[in-house]
Structure formats: structure tokens, C-alpha cells
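*Asks:* Whatever this is, show me its structure:
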Amino acid sequence: MGAAGTDVALETADVALMADNLGKLPEVFLMSRKARRIIRQNLWLSVAVISVLMAGALTGTLSLPLAVLGHELSEFAVIGNGLRMVGR
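*Replies:* So this is what the prediction gives:
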């Protein structure tokens, strides 16, 4: 933990505690659960938008440039949703 850990241990670890305070572990678990929830939301949003846009483009109800624009706008929604973790 912290500065007492060897360089090899710090490089190979999935998580490295940078202080000797184990009281922060519950906070880490909460953050990881929130990140996983946001990732799932982003995946489902992306799949839904791509499905709708692809169906619209294939049936001819949406032109290709309009479908691309819709996809790009949905990417902004996904990025904005992911940015919720920054304030944490």
C-alpha cells in the first residue's frame, strides 16, 4: 500500500491504494458500482439508437446523412452521461 509497495506490485495490481487508510474501500466499491451502472446505460442507449437509425435508414424513412447526424448526436448523449463520474 502507498509508498511502501514495490514497483512491481504497483504495476501489476488492478487497484493500488495510495494511502494506508483502508476506510476508503467502501467508497471505491460505490464508485465502481456507479461506473458499471453508467457503462450499462451507455451500452443500451447506443444499441437502441443504432437500431432505430439503422432501421430508419434501411426502410428509407431516414436519409443516410440524417442517420449519421442522429448517431453523432447520440454520441454526445453517451459522453455526457459518462461525464457524470467526473464530479464524483
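
*Asks:* Could you list the buried residues of the host helix or strand of L25?
*Replies:* Using DSSP states H and E, L25 sits within helix 25-59. By neighbour count with 16 or more other CB atoms under 10 Å, helix 25-59 contains the buried residues I38, N42, V49, L53, A57. C-beta: built from backbone N, CA, C; applies to glycine.

*Asks:* ok, of those, which one's closest to L17?
*Replies:* Taking CB to CB as the measure, L17 lies nearest I38 of the buried residues of helix 25-59, at 23.3 Å.

*Asks:* Just the pLDDT for R88.
*Replies:* R88 carries a pLDDT value of 60.

*Asks:* I meant to write M1 there.
*Replies:* 49.

*Asks:* how far does the helix or strand of the chain with the lowest mean pLDDT sit from the chain's center?
*Replies:* Lowest on mean pLDDT, DSSP states H and E among the helices and strands of the chain sits helix 7-12, with a mean of 75. Relative to the chain's own centre, helix 7-12 is displaced by 25 Å; criterion: CA atoms, centre = their mean, to the nearest Å.

*Asks:* still on that earlier bit, check which helices and strands the helix holding L25 is in contact with.
*Replies:* helix 64-82 (3 or more CB pairs under 8 Å, 6 or more residues apart in numbering; DSSP states H and E).

*Asks:* which other residues reach the helix it packs on?
*Replies:* I38, Q41, N42, L45, S46, V49, I50, L53, M54, G56, A57, L62 (CB atoms under 8 Å, 6 or more residues apart in numbering).

*Asks:* Now do the contacts for the fifth one.
*Replies:* Looking back up the chat, that one is S46. S46 neighbours (CB under 8 Å, 6+ apart): S74, V78.

*Asks:* follow-up on the earlier one: got the CA coordinates for the least confident helix or strand of the chain in PDB?
*Replies:* This file holds the C-alpha atoms of helix 7-12, laid out as PDB (Å, rounded to 0.1, in the frame of the first residue of the first chain):
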ATOM      1  CA  ASP A   7       7.200  -1.000  -8.100                       C
ATOM      2  CA  VAL A   8       6.400  -4.500  -9.500                       C
ATOM      3  CA  ALA A   9       3.400  -4.900  -7.200                       C
ATOM      4  CA  LEU A  10       2.000  -1.400  -8.000                       C
ATOM      5  CA  GLU A  11       2.400  -2.100 -11.800                       C
ATOM      6  CA  THR A  12       0.700  -5.400 -11.800                       C
END
